[in-house]
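J.: Here is my input, please return the structure:
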Amino acid sequence: MVEGSVRAQVISLPDSGRLLTIGRIILAGNKVTQNRIILREMSLKTGDTIRQFQLNAALSQEKKRIYNLRLFNRVDLEPLELEPGRVDVLVEVQERWYTYPVPIFELSDRNFNEWWENYDRDLSRVNYGLRLYQYNFRGRNETLKLTARFGFSKRFDLYYKLPNLGKNQKHGLLFEYVYSEPFNIAYRTDDHILTFIGAREPLRRGNSFATTYTFRKSFYRTHSIRAGYMDIGISDTIFRLNPGYLSQDRSQQFFTSLSYRFVAEHRDVIAYPLKGYFVTATVTGVGLTPKEPARYLNFNGSFAWHRQVGDGLYFSLFSSVYANTNPGQPYAIISGLGYDRQYIRGYETYVIEGSVFSLNKVTLKKRILNREFPAVMRFNQFSQIPLAIYIKAFSDFGYVNNYPFYQNEFLNTRLSNKPLAGAGFGIDFVSYFDSVLRLEYTFTSQATSGLFLNIKKEF
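T.: Okay, the predicted model is just below:
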């Protein structure tokens with residue numbers, strides 16, 4: 001995303017402290033999006049009063065809230081004083097393209113670096129198929145996603161999100177269903193590297209259902225409760241290679257879960273934040289029925305802070321902690337650094353599994369380009385190509401408390417139970433629809449170094 005500016009042609013009268021009354025909120029450009037979806041994000045309402053000197057900052061804040069809906073390429077707000085003391089607000093948006101049938105041709109591994117280094121650039125580890133995204137479904141910011149994936153890891157997904165229910169649009173629901181039938185799976189971890197096996201028959205079958213209720217109490221704070229069910233069955237081959245893949249030497253097992261999550265989102269642009277802060281905390285209980293052998297409670301909390309410290313110069317900090325009450329959980333659901341985009345830079349090719357871990361990231365970046373380039377395209381949504389480029393330096397620190405059964409068997413001990421660090425420099429490219437490409441050269445506390453490629457933001 002290339003930063004835009006609020007078109008604030010504010011009334012230039014000498015008394016900047018005079019009181020203004022907000023008149024009409026005029027929306028333009030939202031051919032698909034319903035008015036109420038945009039108005040829900042605005043704190044300014046018809047009849048509100050505001051001091052003239054506060055108007056620019058208020059409109060800038062409104063712009064960020066509307067843009068963070070991630071429905072629009074551009075958002076502009078302009079105050080219009082058609083009569084003394086009364087200001088209308090014109091909100092102009094350029095809608096994104098909302099329907100995407102996207103062919104799948106992707107690596108099955110956690111990241112490009114893992115595929116390149118650990119699995120010798122093996123092209124058989126490719127997934128193919130089709131994803132259908134329907135954003136802003138019915139003009140209500142609802143999301144419908146269907147996935148049919150084949151190849152290395154066979155999987156079918158259904159995802160439907162309704163975020164603006166109720167009179168005040170504070171309630172939401174999310175429904176998810178996943179069926180997986182991979183012919184290749186990781187059945188163990190050896191020296192912090194996932195070990196895969198392939199077969200002509202499915203090695204695992206899984207079904208999972210989940211329903212999430214969300215309550216968005218304010219613009220910035222969301223509470224959610226998620227109830228889930230998952231059942232897994234493994235082949236005789238996997239059972240023989242790793243009897244602990246599921247609990248108590250089982251080849252079939254189901255898991256129920258209930259979790260609560262709190263999110264406080266105060267960042268300027270969620271897709272690539274430069275200012276503001278973010279807090280999230282999740283508590284999950286697994287094993288809610290008497291028949292389930294796997295029972296545990298885990299906690300995961302994260303904090304991110306972003307600040308501009310100079311002209312085009314930005315500082316960011318990220319911290320995360322995780323703790324699990326059952327260090328003896330089955331291999332199918334173990335966690336650690338390397339999963340869910342939580343990793344120390346420089347260790348992208350490893351999974352460092354454990355029941356407790358902490359992670360800290362520090363980044364200083366300088367913007368060297370921020371502009372739009374004309375494109376010869378038929379549709380307005382693609383008439384300009386935005387591009388922002390940042391150079392950066394960074395330093396990461398982390399620690400993982402190893403699982404007792406790994407320690408007892410002298411497995412995966414090289415990177416656990418010791419401080420880990422990675423530091424380096426890189427460059428970020430930010431463009432269409434919040435896409436981010438990161439190139440980073442990292443040195444680690446294990447006396448290794450290398451160039452790493454990532455296609456998502458840091459955190």
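
J.: what does the average pLDDT come to for the longest helix belonging to the chain?
T.: Using DSSP state H to define each element, the chain has its longest helix at helix 55-67. Mean pLDDT, helix 55-67: 91.

J.: Against which helices or strands is it packed?
T.: strand 72-83, strand 86-95 (3 or more CB pairs under 8 Å, 6 or more residues apart in numbering; DSSP states H and E). For every residue, glycine as well, the C-beta is placed using N, CA and C.

J.: so which of those comes closest to Phe278?
T.: strand 72-83 (20.6 Å; CB to CB).

J.: Buried residues, the lowest-mean-pLDDT helix or strand in the chain. List them.
T.: Every helix and strand in the chain was compared by mean pLDDT, DSSP states H and E; the lowest is helix 112-118, with a mean of 82. Within helix 112-118, the residues that qualify as buried are Asn113, Glu114, Trp115, Trp116, Glu117, Asn118, counting by 16 or more other CB atoms under 10 Å.

J.: hang on, His266 packs against Arg221?
T.: No. Using CB atoms under 8 Å, His266 makes no contact with Arg221, being 9.2 Å away.

J.: Touching the least confident helix or strand of the chain from outside, list them.
T.: With contact meaning CB atoms under 8 Å, 6 or more residues apart in numbering, helix 112-118 is reached by 107, 109, 121-122, 125, 193-194, 348-349, 450, 452-455.

J.: Next SSE downstream of it?
T.: Sequence-wise, the next helix or strand downstream of helix 112-118 (DSSP states H and E) is strand 126-137.

J.: So for that following strand, mean pLDDT?
T.: Strand 126-137 shows a mean pLDDT of 91.

J.: Which other helices and strands does that strand contact?
T.: If you count contacts as 3+ CB pairs under 8 Å, 6+ apart, strand 126-137 packs onto strand 99-107, strand 142-151.

J.: Endpoints of stretch 113-127, how far apart?
T.: 17 Å (CA to CA, to the nearest Å).

J.: How about the contacts made by Ala323?
T.: With contact taken as CB under 8 Å, 6+ apart, Ala323 is in contact with Asn298, Phe299, Ser355, Val356.

J.: typo on my end, Phe443
T.: Here Phe443 is in contact with Gly346, Gly422, Ala423, Gly424, Ser449 (CB under 8 Å, 6+ apart).

J.: 6 Å - rerun?
T.: Ala423, Gly424, Ser449 (CB atoms under 6 Å, 6 or more residues apart in numbering).

J.: That one bridge partners, please.
T.: On the basis of DSSP bridges, Phe443 is bridged to Ala423, Ser449.

J.: Compute the distance between it and Ser449, please.
T.: 5 Å (CB to CB, to the nearest Å).

J.: Please apply the same query to Arg200.
T.: Separation of Arg200 from Ser449 (CB to CB) stands at 40 Å.

J.: before we move on, the earlier item: tell me the two of the contacts of helix 112-118 that are most distant?
T.: For the contacts of helix 112-118, and using CB to CB, no pair is farther apart than Ile193 and Ile455, which are 21.4 Å apart.

J.: More neighbours: which of the two?
T.: Taking other CB atoms under 10 Å, Ile193 and Ile455 do not tie; Ile193 has more neighbours (18 against 11).

J.: pLDDT at that one, what is it?
T.: pLDDT, Ile193: 94.

J.: which sections of the stretch 101-250 of the chain are below the confidence cut-off?
T.: Scanning the stretch 101-250 of the chain for pLDDT under 70 picks out nothing.

J.: how near is the closest residue to Thr448 other than its chain neighbours to Leu437?
T.: Leaving aside its chain neighbours, Thr448 sits nearest to Gly346 (7.0 Å; criterion: CB to CB, 6 or more residues apart in numbering). Using CB to CB, we find Gly346 at a distance of 18 Å from Leu437.

J.: And these two? Which one has more around it.
T.: Remark: of Gly346 and Leu437, Gly346 carries more neighbours, 26 against 14, as counted by other CB under 10 Å.

J.: give me the number of residues near the nearest residue to His171 once chain neighbours are set aside?
T.: Among residues not flanking His171 along the chain, Leu165 sits closest, at 4.4 Å (CB to CB, 6+ apart). Applying other CB under 10 Å, we find 15 residues neighbouring Leu165.

J.: same thing with the one 10 residues further on?
T.: Counted with other CB under 10 Å, the burial measure for Phe175 works out to 13 neighbours.

J.: check contacts around it.
T.: Contacts of Phe175 (CB under 6 Å, 6+ apart): Tyr160, Thr211.
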